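Engineer: coordinates only, sequence not included:
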């Protein structure tokens with residue numbers, strides 16, 4: 001290793017003696033990323049500004065995208081010659097192991113057919129259910145009981161906090177392909193510091209729900225448009241401890257779900273209209289980022305993104321260019337909705353509450369509305385008999 005800057009040496013050509021493995025050093029990940037990034041840039045790849053782990057190389061009729069996660073690399077494109085070229089170059093420098101066509105990546109199982117691609121985490125889910133002792137449990141129809149709201153001061157404190165934290169941590173990773181448990185896991189994550197038996201029972205209910213469909217995952221059809229659409233919703237004062245509202249949104253590229261979120265808002269809202277407006281601001285920021293990302297992927301959005309809302313008052317605030325008594329207390333960053341609406345980034349459209357897909361990310365629902373919502377998320381279980 002070369003001498004770091006600022007260290008004065010008495011002899012010329014001195015180097016540092018490495019006494020610790022690379023993975024044990026604090027700067028190992030940074031140095032590895034810088035080295036690999038420099039190698040890719042020499043090959044003509046451009047680092048995406050929207051996602052710094054994404055590298056793009058585009059020329060006439062050829063497009064290649066390379067995604068990094070630590071020392072795992074996912075490569076995709078329409079030019080097999082370019083793909084072989086970059087694999088050979090990386091192998092010469094780092095001795096990579098080519099696993100061929102992607103079938104299993106970081107716990108994600110990838111299944112292909114002529115109709116499209118399915119991403120699921122069936123093996124991961126089954127292992128989680130088995131480790132928790134719920135393989136023989138009776139499945140439930142929803143991940144949360146809609147008649148119960150979780151709070152800090154309910155139940156008896158757990159003696160083994162670590163087991164609850166590990167379980168929630170594993171459920172968080174399962175969110176990658178299971179948007180149907182996003183709201184439930186978001187709620188469970190808020191009690192990691194002092195969980196109770198009620199919180200543990202709620203976590204076990206999620207496992208019982210997963211028991212009914214461990215192989216369910218996201219389906220991305222081969223024939224689909226590249227038009228971006230969004231659904232945004234909020235649950236006013238949904239947190240019983242802080243009375244803060246909960247934001248939920250989901251975004252589709254054609255028929256494919258590509259982004260979703262459930263998050264408690266940072267500020268308490270004085271009305272449902274204000275909480276809806278804050279949720280719109282969060283969704284607009286996500287839309288803006290996806291526009292940048294799709295631009296890098298050669299899929300620019302030429303038309304404004306349609307965002308569906310079920311609150312007319314929030315839409316009126318977004319269209320109103322003047323401030324008044326109902327809006328002057330709202331933080332300025334929330335008015336990004338109005339700014340992006342005027343710039344033509346988004347187009348607000350009304351939708352009935354019963355048809356609001358993002359509703360499943362803001363509250364626990366009864367079985368019928370829950371099944372209706374998740375049926376619109378493009379989820380499929382290829383392991384179930386047809």
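Structural biologist: Cool, the structure landed. Not measured: the values here are computed from a predicted model.

Engineer: distance between the ends of stretch 344-360?
Structural biologist: Across stretch 344-360, the terminal residues are separated by 28 Å (CA to CA, to the nearest Å).

Engineer: now that stretch: how far from the chain's centre is it?
Structural biologist: Distance of stretch 344-360 from the chain centroid (CA atoms, centre = their mean, to the nearest Å) equals 19 Å.

Engineer: Same check on stretch 353-367?
Structural biologist: Centre-to-centre, stretch 353-367 and its host chain are 18 Å apart (CA atoms, centre = their mean).

Engineer: which parts of that stretch are buried?
Structural biologist: Judged by neighbour count using 16 or more other CB atoms under 10 Å, the buried positions of stretch 353-367 are 356-365. Every C-beta, even on glycine, is put in place using the N, C-alpha and C of the backbone.

Engineer: for stretch 286-293, same thing?
Structural biologist: Using 16+ other CB under 10 Å as the test for burial, stretch 286-293 gives 286-288, 290-291, 293.

Engineer: isn't residue 40 right up against residue 65?
Structural biologist: No: between residue 40 and residue 65 there is no contact under CB atoms under 8 Å: 11.4 Å.

Engineer: joint contacts of those two?
Structural biologist: Shared contacts of residue 40 and residue 65, defined by CB atoms under 8 Å, 6 or more residues apart in numbering, comprise residue 55.

Engineer: Quick one: the helices in this structure, in order.
Structural biologist: Applying DSSP state H to the chain gives helices spanning 28-42, 80-94, 122-131, 161-174, 182-188, 197-212, 272-296, 312-319, 336-343, 367-374.

Engineer: circling back to that earlier point, would you list the buried residues of stretch 286-293 in CSV and tack on pLDDT and distance to residue 305?
Structural biologist: As requested, these are exported to CSV (pLDDT from 0 to 100; distance: CB to CB, whole Å):
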residue, pLDDT, distance to residue 305
286, 97, 10
287, 97, 5
288, 97, 9
290, 97, 8
291, 97, 8
293, 96, 13
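
Engineer: With respect to residue 55, which of those is nearest?
Structural biologist: Among the buried residues of stretch 286-293, residue 293 lies closest to residue 55 (CB to CB), at 13.0 Å.

Engineer: residues touching the closest one, list them.
Structural biologist: Going by CB under 8 Å, 6+ apart, the list of residues near residue 293 reads 48, 50-51, 54.

Engineer: between the residues you listed, which is nearest residue 152?
Structural biologist: The closest of those to residue 152 turns out to be residue 51 (CB to CB; 35.7 Å).

Engineer: how far away is the closest one from residue 65?
Structural biologist: The gap separating residue 51 from residue 65 is 10 Å, by CB to CB, to the nearest Å.

Engineer: okay, the two: which has more neighbours?
Structural biologist: residue 65 (18 against 15; other CB atoms under 10 Å).

Engineer: from the contacts of residue 293, which would you call buried?
Structural biologist: Using 16+ other CB under 10 Å as the burial test, these include 48, 54 as buried.

Engineer: In strands only, show me the contacts of residue 293.
Structural biologist: residue 54 (DSSP state E).

Engineer: Same list (the contacts of residue 293) but as CSV, adding pLDDT and distance to residue 256.
Structural biologist: Formatted as CSV, the contacts of residue 293 follow (pLDDT from 0 to 100; distance: CB to CB, whole Å):
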residue, pLDDT, distance to residue 256
48, 94, 20
50, 94, 18
51, 93, 18
54, 96, 18
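
Engineer: Widest-spaced pair of the contacts of residue 293?
Structural biologist: Put simply, by CB to CB the two of the contacts of residue 293 set farthest apart are 50 and 54, 7.4 Å from each other.
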